[in-house]
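Peer 1: Predicted model and sequence follow; I will ask about them next.
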Amino acid sequence: MTTPSWSIRRVHALDDALIGGLSDVLMDCVEGGASVSFMHPLTRDRAAAFWRRVAQGLVAGERVLLVAEDGQGVCGTVQLILHQPENQPHRADLAKMLVHRRVRRQGLGAALMQAAEAAARECGKTLLVLDAVTGGDAARFYERLGWERVGDIPGYALFPQGGLCSTTYYYRKL
């Protein structure tokens, strides 16, 4: 068994260098067709603005951000959105699970998911929820990891290059 060429850490604040690396990963994923809330082409300014908003959520304690890095820099990330309505203090949304195309199919996605679940437990969460494009690579990935499928919403979002896609919701009890 080989040692992974990346490491994962929880980040509590973002500086310009980290925002740049995270922007690179987000832009790579959108360019590769991932439906992660952005349309193609995603400019560096729009990507950096997104990460600056995430930074505000980190400072406010509303989010957890995990970052994976290898010898070339940031190569993956995932977030937990902790801030939920007052009648849902036990759950978090898992969001922006992003893996750069250069390191896919090396176990990083599964490692990020394990780290996110561990962080959620540390934050006292017992239920996680996420969504993915119906029938897409991410949906198959989550199903392989044992996430429970709830159902589909037809025409929920747009693919980055345009065209409607359905979204499937999943949950995981911790």
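Peer 2: Perfect, I can see it now.

Peer 1: How much space separates V133 from Y169?
Peer 2: 12 Å (C-beta to C-beta, to the nearest Å). C-beta coordinates here come from the backbone N, C-alpha and C atoms, glycine included.

Peer 1: can you check E86 too?
Peer 2: From E86 over to Y169 the distance is 22 Å, taken as C-beta to C-beta.

Peer 1: more neighbours, those two?
Peer 2: A count of neighbours by other C-beta atoms under 10 Å puts Y169 above the other of E86 and Y169, at 17 against 5.

Peer 1: wait, doesn't that one sit right on Y156?
Peer 2: No. The criterion here is C-beta atoms under 8 Å, and Y169 misses it with Y156 at 9.6 Å.

Peer 1: which residues are in contact with both of the two?
Peer 2: D131 (C-beta atoms under 8 Å, 6 or more residues apart in numbering).

Peer 1: List the buried residues in stretch 103-112.
Peer 2: By 16 or more other C-beta atoms under 10 Å, the buried positions in stretch 103-112 come out as V103, Q106, L108, G109, A111, L112.

Peer 1: A55: how many residues sit nearby?
Peer 2: If we define neighbours as other C-beta under 10 Å, then A55 has 20 of them.

Peer 1: hang on, it in a strand?
Peer 2: No. Counting by DSSP: H, G, I helix; E, B strand; the rest coil, A55 is located in no strand; its state is helix.
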